Each structure stands twice: as structure tokens, then as C-alpha cells.
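Asker: Take a look and give me a structure for this.
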Amino acid sequence: FLVANPSLYVLLEYDAKVTRIATFLQAASDHKEGLSVYGGVVFCRADRKDIKELRDTVGKSFAAVAPQSLGGWHAALRELKAVGVTPEKDFSRFVFAGTNDAVVEAVRRGDVDCGTVRSTQLERMAAQGAITLDEFRVLPAPAGPAGNFPHLLSTRLYPAWPFAIVSGTDLQ
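Answerer: Predicted coordinates:
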């Protein structure tokens, strides 16, 4: 059995055939029922008329949270690659800002053209009065909306801190 960081879990599910049997519930920004899944939000300032979809990030500067962040980088990276965007060659500049808040502020100030943070982050900051949602445009997921997920989203959904079982574990 194991409890894994969501980024590590995705690799283990693919490579080592582990299966989640439960997930921790992450706090929702509206203080309602917790969430067992989350994803990423790719966004820009609302006044950027030239950025409407993920492909429009080509030639733009971009900020993500950290190299190991699932919601703040890996989830968006997967969607960017799916539409043919290769960050290493297609972004004019790329930075890891360190925190979700720092990415949002960098986009808000215009230090970067686009950014990605974990889902619920923009709503959480808006609820705290730090930002207003109408300052930003969220780029849609290429695959379309994710069912009944109640928050802004640009990526697929992933399990939040799963408790998993390793393939072949005897349950008797």
C-alpha cells in the first residue's frame, strides 16, 4: 500500500500498475464538500485578445508553479503537448514561479503572458478578495468540460493524494 504525491501516483499507475483505492479530499474554494480530483487551469489576462486557446501560447511567455507540481505544471504540459505546443521551443520565456499565488500575480502584473495553476486557485484567491475572476480568461480544455467538476479547469482531472494498492497485493 502507498500514499503518493499526485504526480508520482500518475507515473506509478502507468509504470508500476498501482491502483488507487481511496483519495484524500482536497478543500473546495467554496467550503463545500471536498474534492477527490483536481486538475490545472491555464489562463491569461482578460484583456489579451490574442490568447483564446492553448495553441495561442506559442511565442508567449509562460509561468508555472514548480517542476514537480501536477496541477501547477504537469497537467497543463500534457494538454499543451496534445495540441502540438512544445514549451521548450515554443514559449518565448518560461519560468517556475514557486507558488500558485506567484503565478497568478505574475500574469496579473503582465510579467508573463500566460500561466498555469492548480484548479480551485483562482476561485480561492477571488474568495479571499486578492483578485477578481473577471481579470482573467481561462483557456478551455481541448477535450471539453470535465463533467460536473465545479471549478475552472483547462486540463483532465487527476486523483488528489491517492491511497493506492500495488498490483499483486494479497488482500486475504
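
Asker: how many neighbours does Val138 have?
Answerer: 17 (other Cβ atoms under 10 Å). C-beta: built from backbone N, CA, C; applies to glycine.

Asker: what about the helices in this structure?
Answerer: Taking DSSP state H to define them, one finds helices in the chain at 6-15, 75-82, 87-90, 100-109, 121-127.

Asker: how about the shortest one: buried residues?
Answerer: The one in question is helix 87-90. Residues of helix 87-90 classed as buried by neighbour count (16 or more other Cβ atoms under 10 Å): Pro87, Asp90.

Asker: for the fourth one, same thing?
Answerer: For helix 100-109, burial by neighbour count (16+ other Cβ under 10 Å) applies to Asn100, Asp101, Ala102, Val103, Val104, Glu105, Ala106, Val107, Arg108.

Asker: Between all of the residues you listed, which two are separated the most?
Answerer: Greatest spatial distance among the buried residues of helix 100-109 (Cβ to Cβ): Asn100 and Arg108, at 12.6 Å.

Asker: Nearest the geometric middle of this protein, what residue?
Answerer: Nearest to the mean C-alpha position of the chain, by Cα atoms, centre = their mean, lies Gly40 at 1.7 Å.
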